[in-house]
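Visitor: pasting a predicted model and its sequence here:
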Amino acid sequence: AQSVAQPEDQVNVAEGNPLTVKCTYSVSGNPYLFWYVQYPNRGLQFLLKYITGDNLVKGSYGFEAEFNKSQTSFHLKKPSALVSDSALYFCAVRGQMDSSYKLIFGSGTRLLVRP
Amino acid sequence: EAQVTQNPRYLITVTGKKLTVTCSQNMNHEYMSWYRQDPGLGLRQIYYSMNVEVTDKGDVPEGYKVSRKEKRNFPLILESPSPNQTSLYFCASNQGLYSNQPQHFGDGTRLSIL
């Protein structure tokens, strides 16, 4: 069965420090992996995706994520956090051969960046 | 501007009173989907549609109906709402089955069933 785990309900980091939001997945075959961000009273906004190729993926707002096939992980990172990065982050996976195009979401991680 | 539009954004209603949440996209996308978001559970798929007149159940379809009579619209229908359907609902769309592009999400509809 396909699944996504985000082991931390909340991540706290000081502004200017690096941040990491963790994600591991389980899927049949090769994955498509996505990170989304949700701000209060808004829908999910796409940050970045891994389809194939380079394991380090760069996305919007200075975020990046590293695909690690052996560890089945896709952790979200940013070298220097901003207070405005505080939001709810979701990791999602889809099997490349999945005919339903269903995205499986993690439970979300709340990022709190303190000034 | 490319967007997915949901209405209403907020609704408080009572058990058993039929309601419809509309969803419309202006990107000519083939694929559309409904999710519900509950604390600690992430987003779970309710129903999806591959194209006009083609719909299928997601992971949590009980108590919901959908229709896809035209490409741009994908309404979610609660025939007899119950309190356990109190949740935040999102509509999403995507180009189609073989696309590896991300889904576009609406801003959400917060439903409270009393």
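Guide: Happy to help now that I have it.

Visitor: in the helix or strand that contains A:V57, what's buried?
Guide: Taking DSSP states H and E as the definition, one finds A:V57 inside strand A:56-58. For strand A:56-58, a neighbour-count test (16 or more other CB atoms under 10 Å in any protein chain shown) marks A:V57 as buried. Glycine gets a C-beta too; all of them are placed from N, C-alpha and C.

Visitor: and what of stretch A:51-71?
Guide: So, applying 16+ other CB under 10 Å, buried residues of stretch A:51-71: A:57, A:59, A:63-67.

Visitor: ok, stretch B:74-86 next?
Guide: B:74-76, B:78, B:81, B:85-86.

Visitor: mind putting these in a markdown table, pLDDT and secondary structure included?
Guide: Formatted as a markdown table, these follow (pLDDT from 0 to 100; DSSP: H, G, I helix; E, B strand; the rest coil):
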| residue | pLDDT | secondary structure |
| --- | --- | --- |
| B:F74 | 98 | coil |
| B:P75 | 98 | coil |
| B:L76 | 98 | strand |
| B:L78 | 97 | strand |
| B:P81 | 97 | coil |
| B:Q85 | 97 | helix |
| B:T86 | 97 | coil |
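
Visitor: now those residues as TSV including distance to chain A?
Guide: Compiled in TSV, those are given as follows (distance: CB to the nearest CB, whole Å):
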residue	distance to chain A
B:F74	14
B:P75	17
B:L76	15
B:L78	20
B:P81	22
B:Q85	19
B:T86	17
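
Visitor: next up, the contacts around the closest residue to B:Q6 other than its chain neighbours.
Guide: Leaving out its chain neighbours, the residue that sits closest to B:Q6 by CB to CB, 6 or more residues apart in numbering or on different chains is B:G106, at 3.9 Å. By CB atoms under 8 Å, 6 or more residues apart in numbering or on different chains, the contact list for B:G106 reads A:43, B:3-6, B:23, B:90-92.

Visitor: next: A:K58.
Guide: With CB under 8 Å, 6+ apart, A:K58 has these contacts: A:48, A:64.

Visitor: now it: how far from chain B?
Guide: Applying CB to the nearest CB, to the nearest Å, one obtains 15 Å for the distance of A:K58 from chain B.

Visitor: phi, psi for the residue nearest to B:I77 when sequence neighbours are not counted please.
Guide: Nearest residue to B:I77, sequence neighbours excluded (CB to CB, 6+ apart): B:K65, at 4.2 Å. Dihedral angles phi and psi of B:K65 (degrees, to the nearest 10) take the values phi -130, psi 160.

Visitor: residues contacting B:K65?
Guide: With contact taken as CB under 8 Å, 6+ apart, B:K65 is in contact with B:76-79.

Visitor: run through the residues of chain B sitting next to chain A.
Guide: Residues of chain B found near chain A (CB under 8 Å from any CB of the partner chain) are B:4, B:31, B:33, B:35, B:40-45, B:48, B:50, B:56, B:58-59, B:90, B:92, B:94, B:97, B:99-100, B:102-108.
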